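Chemist: using only what follows, build the 3D model:
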Amino acid sequence: QIKVDEEYTIVKRDTNSFLKKNNQPFDLIFADPPFKWDEFNKMLNLVFKANNLSEYGLFVLESERSHNIKWASDEFEVLRQKQFDRSIISFASKKGVV
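Modeler: Numbers count the residues shown, from 1 in each chain. Here you go, the predicted model:
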């Protein structure tokens with residue numbers, strides 16, 4: 001269960017195009033791109049290197065299990081992954097925060 005203060009923003013758009021133009025950090029970013037998508041690593045750079053995620057923020061990504069996502073980074077770490085039939089949900093944050 002997520003408890004939300006009175007102030008929140010929900011954006012339903014293409015993740016990469018939104019993050020390129022965004023100028024404020026978010027506490028929670030949930031990305032559910034199409035399974036046939038090939039820009040996961042580009043998205044990770046936009047989330048973590050462009051400071052789109054707040055200091056204690058959480059990034060949640062749904063992807064197909066067969067994707068080769070490069071999670072190794074000095075900027076972020078995977079906290080948990082949950083596998084389902086064809087998909088995997090990954091939870092990540094900035095390194096050293098949690």
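Chemist: where is the longest helix in the protein?
Modeler: Longest helix in the chain by number of residues, with DSSP state H as the criterion: helix 40-48.
Chemist: and the lowest-mean-pLDDT helix or strand in the chain, what other elements does it pack with?
Modeler: Taking mean pLDDT, DSSP states H and E as the measure, the helix or strand of the chain with the lowest value is helix 40-48, at a mean of 83. In terms of contacts (3 or more CB pairs under 8 Å, 6 or more residues apart in numbering; DSSP states H and E), helix 40-48 is packed against helix 15-21, strand 26-31, strand 53-64, strand 76-83. Every residue, glycine included, has its C-beta placed from N, CA and C.
Chemist: quick one: residues in contact with it.
Modeler: 15-16, 19-20, 29, 31, 33, 52-53, 59, 61, 63, 67, 69-71, 73, 75-76, 94 (CB atoms under 8 Å, 6 or more residues apart in numbering).
Chemist: quick one: low-confidence ranges for this structure?
Modeler: Along the chain, the parts satisfying pLDDT under 70 run over 1-6, 35-37, 98.
Chemist: spell out for me which residue occupies the centre of it.
Modeler: Centroid check for the chain by CA atoms, centre = their mean gives F59 as the closest residue, at 3.4 Å.
Chemist: against K12, how distant is that residue?
Modeler: Counting by CB to CB, to the nearest Å, the gap from F59 to K12 is 17 Å.
Chemist: which parts of stretch 7-16 are buried?
Modeler: By neighbour count on 16 or more other CB atoms under 10 Å, the buried set for stretch 7-16 is T15, N16.
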